[in-house]
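[1] model this:
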Amino acid sequence: MSGTQGPKSAPLTRPPTWEKKDSIKSGSVQSFGTSRSASRRLSRTAISETRERVRRSQTPNQLSPVTSQHSSATSLSVPPLAHTGSSENASAPRYASPSSAHGPGASPAGSSHHSHPNTPRPALLFAIASDDPTQVGRVLEHGDGDAKGASNANDAIGPQAQSALEFTLENEGLKNKLGIVKKLLGYGADPSKAKLNDSKTIDEAALDPATKYYLDRADTATTRRIDALMERSVFRPLVRMRYGIIGQDRALEQLFRVLSIHSEKISKSPVVVFLCGPSGHGKSMLAHQFGLLLEVPIHTVNMTTLRSADDIWRSYSISSDEDAAPCTLVEFLANNEGKRCVVVLDEIEKTERKALWSLLVPWELGRCTFEANSRTIDVRNVIWVGTSNIGNDLVLDYHKSLQRPEETLSRNEYVELMGTLRPHVSDQLGASVLSRVSAILPFVPFTTAEKRALASEFLQESAAEHLVQGLSREQREKVVEDSLKDFVPSEGARSLYRAVSNLIIDAMDL
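    Alright, predicted model coming up:
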């Protein structure tokens, strides 16, 4: 889930073992051939035959840059593409919902003047074959550099013209299959195109709990409502948060409601959101998703170290951004004046109340002055996100009192919980601070299905990759189920991560 440093309220991070994979070895991806009984491993010869088949399906002068670039290479990774942004991030990350992916704006594969109208574009195919979710996201975001622009997550790929999602789910050789599935769903891949339970393709019962969780989440009435709500919002890329965090469906829904309203009006005040509740349920992780998905700078303040009102402006970021030069919050806001950026106030309740007083004017007027003689800085486009454990016991007790605690809270139940939590936040932080907050979002305990999905995701993204690969399917299922016994509500996903890590070692003796 989230970072491991400090007393953060989000789950631990597993080292992203897939981030540095730029190519695949021979035999790591399922066969591209048409025979279902053929080997599900792809050899160098099969890869070459696939490239040649795609090349022959195009006219001589219509080869894509990616196809020609890989004509003599053994790696299938897509080269990095330049990102052309602008102030206020006008070119926000592209997001295609399932409902809009097939509309008039969608370009079916092969819509150009090729001899075969359904010829799949190779860029997305090569990105998936690279076994690197980052490459897949790059192609879906920016394309392969040709005039056609970005690929669509519902494009047909491969000789059989399968959907990208179906093609990915079928390939047993992909080590980072879950990460690729999440990328595709985040860019609008339609789960119905995966043909789940079709005897000729994918058996849903064989899917791991994490993959099944994300596929189910992409195909709900709430998901479709949110897609429609955020269709024209400047915060539209944040909808992909659904595939970066497990649980908290109602918190995400409420967040998107608030953001959709804010983006449709000219407001002089910035967005201020507080994420409250038990530790280890994804608050810090969700907070950092704002900067990642909007592709904007982020500055994280460790509020536990502040003692005065001036300390907050002199604080350096604890965000792990190696490319950013160290700077104080004042410098960060000045450097990004008038632009969209994110400030995360981590563990906001663990600081002196007077340290928050200097935030009152910026949160209300969207402008701040740090010294009497200095000019004001425009902070209207800053997104302020505070994380807090305020209401920990209240949220846990409320969840226990529900008639169906194993089900996702209803909309009415969540609204009631928000109303109950608000006075507690006011008592700790002060009414003057709370009155300037756009939304207070309680994070609730996980259901059993969500715990199982968390354990499964931890297992797949474990740092001990060599140990996990040696486990049979039955052993993996046992690790997931046994980890649920060690779940601690007050620790959240951290307790599951610890249990999975221990069980991976123990499973090697089975």
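[2] residues in contact with the nearest residue to Ser438 once chain neighbours are set aside?
    Once flanking residues are discounted, Ser438 sits nearest to Val272: 5.0 Å by C-beta to C-beta, 6 or more residues apart in numbering. Using the backbone N, CA and C atoms, a C-beta is placed for each residue, glycine as well. Contact partners of Val272, counting by C-beta atoms under 8 Å, 6 or more residues apart in numbering, are Trp363, Trp384, Gly386, Arg436, Val437, Ser438.
[3] And the fourth one, how close does it get to Pro362?
    It stands for Arg436. Counting by C-beta to C-beta, to the nearest Å, the separation of Arg436 from Pro362 is 9 Å.
[4] that older thread, quick one: mark the members of the contacts of Val272 that sit in helices.
    Trp363 (DSSP state H).
[5] I figured Val437 hits Phe274, correct?
    Yes: contact criterion C-beta atoms under 8 Å: Val437 and Phe274 qualify, at 5.5 Å.
[6] The protein: strands as residue ranges?
    156-157, 162-163, 271-276, 298-302, 341-346, 367-368, 377-378, 382-388, 439-442 (DSSP state E).
[7] So for the second one, mean pLDDT?
    What it means is strand 162-163. Taken as a whole, strand 162-163 has a mean pLDDT of 90.
[8] which of Arg436 and Pro362 has more neighbours?
    Pro362 (24 against 18; other C-beta atoms under 10 Å).
[9] Is it correct that that one is in contact with Asn381?
    No: the criterion here is C-beta under 8 Å, and Pro362 misses it with Asn381 at 11.9 Å.
[10] any common contacting residues for those two?
    Pro270.
[11] Can you read off the pLDDT for Asn152?
    For Asn152, pLDDT reads 88.
[12] could we number from 23 for the rest of this?
    Yep, numbering from 23; the last one is Asn174 now.
[13] Can you get me a residue count around it?
    Quick note: Asn174 (other C-beta under 10 Å) scores 24 neighbours.
[14] any idea how far it lies from Glu188?
    14 Å.
[15] returning to that earlier point: is it possible to get CSV of the strands of the chain that adds distance to Gly201?
    Formatted as CSV, the strands of the chain follow (distance: least, C-beta to C-beta, whole Å):
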stretch, distance to Gly201
strand 178-179, 17
strand 184-185, 18
strand 293-298, 24
strand 320-324, 21
strand 363-368, 23
strand 389-390, 39
strand 399-400, 38
strand 404-410, 24
strand 461-464, 26
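[16] Quick one: closest of the ones you listed to Ala211.
    strand 184-185 (7.2 Å; C-beta to C-beta).
[17] Packing partners of that closest one?
    Judged by 3 or more C-beta pairs under 8 Å, 6 or more residues apart in numbering; DSSP states H and E, the packing partners of strand 184-185 are strand 178-179.
[18] again, only using 6 Å
    The contact analysis (3 or more C-beta pairs under 6 Å, 6 or more residues apart in numbering; DSSP states H and E) places strand 184-185 against no helix or strand.
[19] Walk me through the domains of this protein.
    Here the domain parsing of the chain from automatic domain parsing is 66-243, 270-464.
[20] Among those, which comes closest to Gly492?
    Among these, if distance is taken as C-beta to C-beta, the winner is domain 66-243, at 13.1 Å.
[21] what residue ranges in this structure score low on pLDDT?
    Within the chain, the segments meeting pLDDT under 70 span 23-143, 166-172, 217-227, 286-289, 342-346, 394, 485-486, 529-532.
[22] which residues are in contact with the longest helix seen in it?
    Secondary structure of the chain read by DSSP H shows that its longest helix is helix 433-451. Outside of helix 433-451, the residues within contact range by C-beta atoms under 6 Å, 6 or more residues apart in numbering are Arg272, Glu371, Ile412, Gly413, Tyr420, Leu456, Ile462, Pro464.
[23] who wins for proximity to Ala243 among the strands of the chain?
    strand 461-464 (20.7 Å).
[24] same for the closest one, what does it pack against?
    helix 271-285, strand 293-298, helix 433-451.
[25] Parallel or antiparallel, list what pairs with it.
    The strands beside strand 461-464 in its sheet (DSSP bridges) come out as strand 293-298 (parallel).
[26] CA atoms of the strand it pairs with as CSV?
    Provided in CSV are the C-alpha atoms of strand 293-298 (Å, rounded to 0.1, in the frame of the first residue of the first chain):
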residue,chain,number,x,y,z
VAL,A,293,-9.6,22.1,-2.4
VAL,A,294,-9.0,21.0,1.2
VAL,A,295,-9.6,17.3,2.1
PHE,A,296,-9.1,15.5,5.4
LEU,A,297,-8.7,11.7,5.4
CYS,A,298,-9.5,10.3,8.9
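[27] what pairs with the residue nearest to Ser460 across the strands?
    Trp406.
[28] so how far is Ser478 from it?
    Counting by C-beta to C-beta, the gap from Val294 to Ser478 is 35 Å.
[29] Same question for Ser341.
    28 Å.
[30] what sits against Ser505?
    Counting by C-beta under 6 Å, 6+ apart, Ser505 has contacts Ala477, Leu518, Ala521, Val522, Leu525.
[31] how about a cut-off of 8 Å?
    Contacts of Ser505 by C-beta under 8 Å, 6+ apart are Ala477, Phe480, Leu518, Ala521, Val522, Leu525.
[32] Now it: closest residue in space that isn't a chain neighbour?
    Ala521 is the one closest to Ser505 (C-beta to C-beta, 6+ apart), at 4.0 Å.
[33] thinking that neighbour is in contact with Phe509, fair?
    Yes: assessed by C-beta under 8 Å, Ala521 is found in contact with Phe509 at 7.3 Å.
[34] wait, which of the strands of the chain is closest to Asp241?
    strand 184-185 (13.8 Å).
[35] strands paired with the closest one, and their directions?
    Partners of strand 184-185 in its sheet, by DSSP bridges: strand 178-179 (antiparallel).
[36] Between the domains of the chain, which one is closest to Gln491.
    Using C-beta to C-beta, these put domain 66-243 closest to Gln491, at 7.8 Å.
[37] Around Glu163, how many other residues sit close by?
    Neighbour tally, Glu163, other C-beta under 10 Å: 18.
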